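> Mind looking at a prediction? Sequence and model below.
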Amino acid sequence: MVLAGNFTREHEQYQVRVDDYKAFRRDGFLHIKGLVAPDEVAELAQFTDDMIAGKTTMPGIPAPPAHLSEAERRVYYERIHMPHRALELAERFLLHPRIVDVLEALIGPDVLALQTMLFFKQPGQAGQGFHQDSYYIPTQPDTLIGAWLAIDPADEENGCLWMTPGSQHEPIYPDCDGVTQQGDTILSDIESIKSASHPDVERNTLARIALQYGKEVKVEAEPGDVVFFGGHVFHRSHQNMSQHSRRAFVSHYCNARSRVPWDHGGNRAQYEDAEANAMRNDLHILARGATHLPYAQPKFGNLCAANAPELYGERFDDNRVKSMMGDEFGFMVLVPHEDVDHDH
Ligand SMILES: O=C(O)CCC(=O)C(=O)O
């Protein structure tokens with residue numbers, strides 16, 4: 001058997017253990033401490049400080065008006081969507097090779113980078129109630145995964161993530177509140193819920209299903225830690241009740257061989273657009289591996305499979321099928337399937 005260990009990488013590769021892979025499958029999430037170096041995260045922290053202070057801006061996002069007091073400026077931004085399309089720094093974190101190393105093992109080997117969000121979550125700012133990310137970002141087949149990078153220490157007081165272990169086995173519950181764009185009321189045999197993501201458990205009826213588990217774990221994190229979570233797992237966060245910020249950079253990905261009918265702000269239109277064949281993969285970046293489906297190049301040229309296939313694309317010069325497998329040392333590695341003359 002040939003193991004994929006001898007290819008060239010420009011970064012110190014993160015090797016995912018088989019035990020981590022199993023924990024992700026068992027719990028629906030995986031917390032990896034110190035995955036991103038402190039000096040890298042510090043750059044992201046500095047950028048958001050400068051935004052709040054009005055010293056820098058993100059293209060397309062207005063700066064806080066000059067007349068605001070410092071306290072008002074601090075809560076001016078809550079969450080910025082898709083910063084990787086406007087800012088090199090955000091694209092760099094979306095395609096961060098050590099984050100993608102983990103994704104490769106959990107949902108790969110072929111990884112498509114779809115979405116980014118920058119959470120400011122300053123003192124007093126709101127949390128996000130129980131929800132399932134695959135409801136908002138459909139991928140077919142559903143291979144969605146989020147990677148939540150802590151910029152600040154996150155704890156119970158300032159609104160860390162809370163996960164419901166085991167809930168990744170649940171189906172997606174459609175939201176019939178008539179408010180969200182994706183609301184769907186035509187399904188008779190699947191319980192629909194109301195107001196997913198609303199922090200009030202009385203209004204957000206997904207909470208009734210989530211709280212039946214009777215266990216929810218808080219995921220306290222240090223800057224540079226990354227929490228990976230599947231698209232079906234019930235999760236939420238609470239309001240920041242502390243005097244400290246709780247910033248996070250969140251990215252979403254899927255297997256690059258899933259069809260993605262989603263683009264930020266436009267998935268419903270694409271479903272109805274026969275011309276587009278309900279697929280917007282061409283807008284999303286191939287982070288790792290290869291795919292038969294379309295993909296985009298990174299706008300700011302950060303290295304990934306799309307623009308550096310010799311580093312991050314196919315890693316064997318043969319056409320054998322490859323899968324992520326466990327090796328004898330307990331790590332997840334990319335292995336070609338042997339050409340055998342017997343079948344299963
Ligand atoms: O960071 C948070 O407070 C919530 C993040 C979240 O739930 C998500 O990205 O799906």
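That came through fine. Numbering: from 1, shown residues only.

> give me the residue from the stretch 151-300 of the chain nearest the ligand.
In the stretch 151-300 of the chain, the residue found nearest to the ligand is residue 237; the distance is 3.2 Å by Cβ to the nearest ligand atom. Every residue, glycine included, has its C-beta placed from N, CA and C.

> What's the local residue count around that residue?
Counted with other Cβ atoms under 10 Å, residues neighbouring residue 237 total 23.

> Quick check: it touching residue 160?
Yes: the criterion here is Cβ atoms under 8 Å, and residue 237 meets it with residue 160 at 6.6 Å.

> what is in contact with these two at once?
Overlap between the neighbourhoods of residue 237 and residue 160 is empty, taking contacts as Cβ atoms under 8 Å, 6 or more residues apart in numbering.

> quick one: buried residues of stretch 132-144?
Neighbour-count burial for stretch 132-144, with 16 or more other Cβ atoms under 10 Å as criterion, is recorded at 132-139, 142-144.

> scratch that, stretch 104-111 is what I was asking about
Buried residues in stretch 104-111, counted by 16+ other Cβ under 10 Å: 104-111.

> Please flag which of the residues you listed sit within helices.
Residues of the buried residues of stretch 104-111 located in helices (DSSP state H): 104-107.

> Reformat these as JSON lines; add distance to residue 222.
Listed next are those as JSON lines, based on distance: Cβ to Cβ, whole Å:
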{"residue": "104", "distance to residue 222": "24"}
{"residue": "105", "distance to residue 222": "22"}
{"residue": "106", "distance to residue 222": "21"}
{"residue": "107", "distance to residue 222": "25"}
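
> quick one, longest helix in the chain?
helix 38-52.

> is any part of that one close to the ligand?
No: counting by Cβ under 6 Å from any ligand atom, the ligand is not contacted by helix 38-52; separation bottoms out at 13.7 Å.

> after the least confident helix or strand in the chain by mean pLDDT, next one along is what?
Evaluated with mean pLDDT, DSSP states H and E, the helix-and-strand set of the chain has its lowest mean pLDDT in helix 267-271, which scores a mean of 54. Downstream of helix 267-271, the next assigned helix or strand under DSSP states H and E is strand 285-288.

> buried stuff in that following strand?
Of the residues in strand 285-288, 285-288 count as buried by neighbour count, 16+ other Cβ under 10 Å.

> give me the number of residues near residue 309?
Close neighbours of residue 309, defined as other Cβ under 10 Å, add up to 14.

> need the contact list for it.
Residue 309 sits next to residue 290 when contact means Cβ under 8 Å, 6+ apart.

> I'd guessed residue 331 sits against residue 14; true?
No: at 10.3 Å, residue 331 and residue 14 do not qualify as touching, with contact defined as Cβ under 8 Å.

> Run through the stretch 51-200 of the chain and note the low-pLDDT ranges.
Under the criterion pLDDT under 70, the flagged ranges of the stretch 51-200 of the chain are 177-191.

> which parts of it sit against the ligand?
119, 127-128, 133, 146, 159.

> repeat that for 5 Å
Residues of the stretch 51-200 of the chain lying close to the ligand (Cβ under 5 Å from any ligand atom) are 119, 128.

> residue boundaries of the helices in the stretch 51-200 of the chain?
Across the stretch 51-200 of the chain, reading from the start of the chain, the helices by DSSP state H, counting those that start in this stretch fall at 70-74, 88-94, 97-107, 133-136.

> neighbouring contacts of the last one?
If you take Cβ under 8 Å, 6+ apart as the criterion, helix 133-136 is touched by 142, 144, 146, 172-175, 182, 196, 229, 231-232, 252.

> again, only this time at 7 Å
Under the criterion Cβ atoms under 7 Å, 6 or more residues apart in numbering, residues 142, 144, 146, 172, 175, 182, 196, 231-232, 252 lie in contact with helix 133-136.

> cool, and the first one?
For helix 70-74, the external contacting residues (Cβ under 7 Å, 6+ apart) are 52, 54, 64, 122.

> and which of these is nearest to the ligand?
Relative to the ligand, and with distances defined as Cβ to the nearest ligand atom, the nearest of the contacts of helix 70-74 is residue 122, at 12.1 Å.
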